[in-house]
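Asks: quick check, what structure comes out for this input:
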Amino acid sequence: MEVHFAAVDWGTSSFRIWLVDGNGAALAERRSDEGMVHAAETGFERVLETHLAALAAPPALPVVICGMAGSRQGWQEARYLTVPAALSEIVDRAVIVRDARRDIRILPGLAQRDPANPDVMRGEETQLLGGLIDRSPAGLACLPGTHSKWVRLSGGGVTDFSSHMTGELFALLAGTSILRHAVSGAAACDPASAGFVGAVGEGYREPARLSRMLFSLRAAQLLFDAPPTRLYERLSGLLIGGEIAAAASDYGRLDGTRLIASGRLGDLYASAFAALDIAVDVIDADRAVLAGLVIAAGQFWPLPDRRPHFGTMKA
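Replies: You can find the predicted model right below:
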């Protein structure tokens with residue numbers, strides 16, 4: 001099958017590109033750390049064309065992009081859609097990149113313009129579009145990451161959402177805070193470890209004590225020479241447990257939440273939910289974002305062997 005278009009997920013610090021055929025299937029893939037921060041200095045078109053050339057993509061191959069390339073500091077701004085917004089609007093409001101050498105479309109993010117709870121997302125909306133295409137687009141979704149998103153959906157669209165800086169807090173605490181001495185040398189967190197699972201429960205049950213519990217990691221190292229890996233796992237568990245507690249406070253019962261995640265982070269959140277006896281529907285985030293980009297591309301450049309699916313999204 002010949003390549004039909006290229007799909008790009010452009011994050012703040014990451015870049016992923018797929019060549020996609022007329023069935024919507026990926027033929028080839030490349031990944032790099034040339035995210036928005038890097039591309040803003042070296043040039044977005046230069047980064048994109050370098051990867052397309054490496055994949056031997058045709059000169060006129062069209063490209064659909066989601067993520068930070070559409071931010072104010074990105075390639076070309078794709079203004080946020082205000083929630084409540086139907087997921088299909090993400091495709092309808094895509095922007096065409098001016099003066100590009102090929103047809104390039106960038107999908108917009110979503111904004112919650114509530115002065116009491118302002119919030120934004122870019123990239124996760126495309127995961128929702130692709131991840132929920134064959135499921136009822138209603139209920140809650142959790143999308144872990146540097147800034148985890150909790151999203152409430154109804155009637156085929158997003159009604160409201162909240163962001164949690166769980167991943168960034170973990171990186172800051174483990175890398176630059178006083179806790180760096182306690183976790184120095186630890187490189188990974190075992191999702192099944194007693195330290196992680198126990199800390200999830202503590203963070204969930206007593207989120208008001210989170211700051212105190214975090215400092216206890218430093219004390220455990222100084223007084224009892226606690227192993228760095230155990231403290232690293234406990235740090236992760238406390239933060240994730242606290243995030244889930246905040247979501248329960250915001251949204252109530254969490255059973256049936258769609259967990260859209262991949263890799264080790266997905267394993268950590270799945271373990272955390274299991275530890276708290278919260279049933280979730282796990283959806284692979286990598287597949288979801290590609291599926292969302294394929295859905296969008298199918299509207300811009302109809303796929304010869306695949307029909308659009310927007311009917312199910314508007315139910």
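Asks: need the contact list for Arg102.
Replies: Each residue near Arg102 by Cβ atoms under 8 Å, 6 or more residues apart in numbering is listed here: Pro59, Ala60, Leu61, Pro62, Val63. C-beta coordinates here come from the backbone N, C-alpha and C atoms, glycine included.
Asks: who wins for most neighbours among the residues you listed?
Replies: Val63 (23 neighbours; other Cβ atoms under 10 Å).
Asks: filter the contacts of Arg102 down to just the ones in strands.
Replies: Counting by DSSP state E, the part of those found in strands is Val63.
Asks: take the contacts of Arg102 and lay them out in CSV including pLDDT.
Replies: Listed next are the contacts of Arg102 as CSV, based on pLDDT from 0 to 100:
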residue, pLDDT
Pro59, 95
Ala60, 95
Leu61, 98
Pro62, 98
Val63, 98
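Asks: do you know the pLDDT at the residue nearest to the spatial centre of the chain?
Replies: Central residue of the chain (Cα atoms, centre = their mean): Glu124, 4.9 Å from the mean position. Listed pLDDT for Glu124 reads 98.
Asks: what do you get for Arg287?
Replies: Listed pLDDT for Arg287 reads 96.
Asks: identify the residues contacting Met1.
Replies: Contact analysis of Met1 by Cβ under 8 Å, 6+ apart lists Asp21, Gly22, Asn23, Ala25, Leu27, Asp305.
Asks: buried ones among the residues you listed?
Replies: Using 16 or more other Cβ atoms under 10 Å as the burial test, the contacts of Met1 include Asp21, Gly22 as buried.
Asks: show me the contacts for Thr126.
Replies: Thr126 makes contacts with Asp9, Cys66, Gly67, Ile90, Leu107, Ala288, Val289, Gly292, Leu293, Ala296, as judged by Cβ under 8 Å, 6+ apart.
Asks: dump the residues you listed to JSON lines, plus distance to Val280.
Replies: Putting the contacts of Thr126 into JSON lines (distance: Cβ to Cβ, whole Å) gives the following:
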{"residue": "Asp9", "distance to Val280": "23"}
{"residue": "Cys66", "distance to Val280": "24"}
{"residue": "Gly67", "distance to Val280": "24"}
{"residue": "Ile90", "distance to Val280": "24"}
{"residue": "Leu107", "distance to Val280": "26"}
{"residue": "Ala288", "distance to Val280": "14"}
{"residue": "Val289", "distance to Val280": "19"}
{"residue": "Gly292", "distance to Val280": "20"}
{"residue": "Leu293", "distance to Val280": "24"}
{"residue": "Ala296", "distance to Val280": "26"}
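Asks: just send those back as JSON lines, with neighbour count and secondary structure too.
Replies: Below are the contacts of Thr126 laid out as JSON lines (neighbours: other Cβ atoms under 10 Å; DSSP: H, G, I helix; E, B strand; the rest coil):
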{"residue": "Asp9", "neighbour count": "24", "secondary structure": "strand"}
{"residue": "Cys66", "neighbour count": "31", "secondary structure": "strand"}
{"residue": "Gly67", "neighbour count": "27", "secondary structure": "strand"}
{"residue": "Ile90", "neighbour count": "25", "secondary structure": "helix"}
{"residue": "Leu107", "neighbour count": "25", "secondary structure": "coil"}
{"residue": "Ala288", "neighbour count": "25", "secondary structure": "helix"}
{"residue": "Val289", "neighbour count": "28", "secondary structure": "helix"}
{"residue": "Gly292", "neighbour count": "29", "secondary structure": "helix"}
{"residue": "Leu293", "neighbour count": "30", "secondary structure": "helix"}
{"residue": "Ala296", "neighbour count": "25", "secondary structure": "helix"}
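Asks: many thanks, we can stop here.
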